[in-house]
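Peer 1: Please work out how this folds:
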Amino acid sequence: MKKIFKFDSNGLTTVIAMAQIIKLLKISSKARFAFVASLILIVFACNKDREQDREENLVITSPAPLTDFGYGTFRGYTGGLYPNGSNIRPINHNSAGIAIAKSIKPLNISGSTDESNGKIVWMSVGMSNTTQETSAFIPIAQAYSGKNQKLLLVDGAEGGQDIVKINLESAPYWQTVNNRLTAAGVTALQVQIIWYKEAEIAPRDTAFATYPNSLKDKFALSMQMLKSKFPNLKLVYLSSRTYAGWATGTLNPEPYAWYSGWAVKRLIEDQINGVSSLNYTGAQPQSAWLSWGPYFWTEGTKPRDDGVTWGLSDYQTDGVHPSNSGRLKIANMLFEFFSTDPTSTPWFLKQ
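Peer 2: Here you go, the predicted model:
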């Protein structure tokens, strides 16, 4: 009998053994079938529980996409884009974002609602990769017949302007941003949505224990500055870096590209957890509502769960800046996100 009831990894032995046993019992074939079917369901449910236990105990030992962690941990930290290893926004945070999105209306140059002549301004903020990717995204969005005609897309990113440079109130970067808004016929008071993608030039701290938090603190300062410079800013969508394993220099190689995802994740989690410096409600908000935009990182040509890969041909010769194919890949991911996410469809799509 011990051999009959021996369990293997998927429970199949048990099912077969029990089926053999009930053949010896004088019960109807209908009852026999029902018994075996019930047993199969029970065994599969047990296997599913064991599989989840294995996933919860999974220890990831090398960089992997945050979106692919499942229940795994890296040095004690859960992955996922949001708290508790999830890639889905918490219900309350998502609901708040949808409500804010629905409140967005066209504004005139003075920042007042103007349904007839106003604009809803979306702007990118960041460094060279960001401006190159924005330049590929805007034509795709502009050509889309379902885009909100009141939505104006502005490339506010500039090459060489890393997080350290733009975090200065008087940085020349901000004058460049104002000049671009002026050239587009709008003002800072009309900016309500920002796509933010930043990095640090030639960082030196390679420690996972310290660098992501250091970068997160810089991002937090930047979120406060954005709210100060653009008083009507309501939504900020953040993306971290693409894979940088092809980098040939020290501009921003791995592991910093991967670390930037952790920095964004922790920044957004801070707001979700109620950190006051990132408050987006009340009479004196310190920040806009924050969310992940598209997440780009995966380990080069190794496909992540949704199939995204980064090959050498997606980069320029420095292995950091995107080639035309890399820009188009990012642009399409941006378009897919903004045209489908429940916090962006109210203002991105034609109503």
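Peer 1: Every contact and neighbour count from this point should use C-alpha atoms.
Peer 2: Noted.
Peer 1: what about the nearest residue to residue 117 once chain neighbours are set aside, distance to residue 194?
Peer 2: Spatially, and ignoring its direct neighbours in sequence, residue 117 is nearest to residue 108 (6.8 Å; C-alpha to C-alpha, 6 or more residues apart in numbering). Taking C-alpha to C-alpha, to the nearest Å as the measure, residue 108 and residue 194 are separated by 18 Å.
Peer 1: out of the two, which sits in the busier spot?
Peer 2: Using other C-alpha atoms under 10 Å, the more surrounded residue of residue 108 and residue 194 is residue 194, with 24 against 19.
Peer 1: all helices for the stretch 1-150 of the chain, in order.
Peer 2: 12-23, 29-56, 91-103, 128-142 (DSSP state H, counting those that start in this stretch).
Peer 1: circling back to that earlier point, hmm, the residue nearest to residue 117 is touching residue 119, no?
Peer 2: Yes: look at residue 108 against residue 119 with C-alpha atoms under 8 Å: they come within range, at 6.5 Å.
Peer 1: Show me whatever sits in contact with both of the two.
Peer 2: By the contact definition C-alpha atoms under 8 Å, 6 or more residues apart in numbering, residue 108 and residue 119 are jointly contacted by 186, 190.
Peer 1: so the residue lying closest to residue 296 once chain neighbours are set aside is in which element?
Peer 2: What sits nearest to residue 296 in space, not counting adjacent residues and going by C-alpha to C-alpha, 6+ apart, is residue 242, at 5.1 Å. Here residue 242, judged by DSSP states H and E, is contained in no helix and no strand.
Peer 1: Measure how buried residue 242 is and give me the count.
Peer 2: 25.
Peer 1: Got the phi and psi for it?
Peer 2: Dihedral angles of residue 242 (phi, psi; degrees, to the nearest 10) stand at phi -80, psi 170.
Peer 1: correct me, but it touches residue 297?
Peer 2: Yes: contact status for residue 242 versus residue 297: in contact at 4.5 Å, counting by C-alpha under 8 Å.
Peer 1: hey, what's in contact with both of these two?
Peer 2: Counting by C-alpha under 8 Å, 6+ apart, the contacts common to residue 242 and residue 297 are 257, 258.
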